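Trainee: Sequence and predicted structure below; questions after.
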Amino acid sequence: MKVALARTRNSRISLKHAIQICKFLENKRLHKAKSFLENVLNGKESFKGKYYTNATKEFLSLLKAVEANAKKKGLNVEKLFIKMIKADKGETLRLPKRAKFVPRRAKTTNLTVMVEER
């Protein structure tokens, strides 16, 4: 069983949006998932009427990274399936305060994708 893995840490996207995208992309072919995300960015397709543009950009870059990792390992790119894709809660970043306002906290998300050659 040949697999390739890619991760991002502390992506500034919504965990809720990331989980919705993960549920949709699981067990899909890699090239179909990439083309779907590109269509979402262009406004041709949507996730049940929603677009999640920031999260979609992060997932698209993550899928490109895992495809490059698979090529490096010598896997056939045409036969890749998304075996596991998940989103976890990341660190909470503290953003500096502006003028007299209270400093804000930014929530982040950790993303992981594993592809398998079938």
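Mentor: Nice, I can see it.
Trainee: residue boundaries of the helices in the chain?
Mentor: 15-25, 30-42, 53-73 (DSSP state H).
Trainee: per-residue confidence averaged over the first one?
Mentor: In other words, helix 15-25. Helix 15-25 shows a mean pLDDT of 96.
Trainee: So which bits of that helix are buried?
Mentor: L15, H17, A18, Q20, I21, C22, F24, L25 (16 or more other C-beta atoms under 10 Å). C-beta: built from backbone N, CA, C; applies to glycine.
Trainee: Equivalent analysis for the second one, please.
Mentor: Neighbour-count burial for helix 30-42 flags L30, A33, K34, F36, L37, V40 (criterion: 16+ other C-beta under 10 Å).
Trainee: ok and that helix relative to helix 15-25, angle-wise?
Mentor: 130 degrees (axes from the mean of the first three to the mean of the last three C-alpha atoms, to 10 degrees).
Trainee: Residue numbering should commence at 12 henceforth.
Mentor: Fine by me, first position is 12 from now on; the one you just mentioned is helix 41-53.
Trainee: What are the contacting residues of helix 41-53?
Mentor: The contact list for helix 41-53 (C-beta atoms under 8 Å, 6 or more residues apart in numbering) reads 36, 39, 56-58, 62-64, 67-68, 70-71, 74-75, 77-78, 88-89, 91-93, 126.
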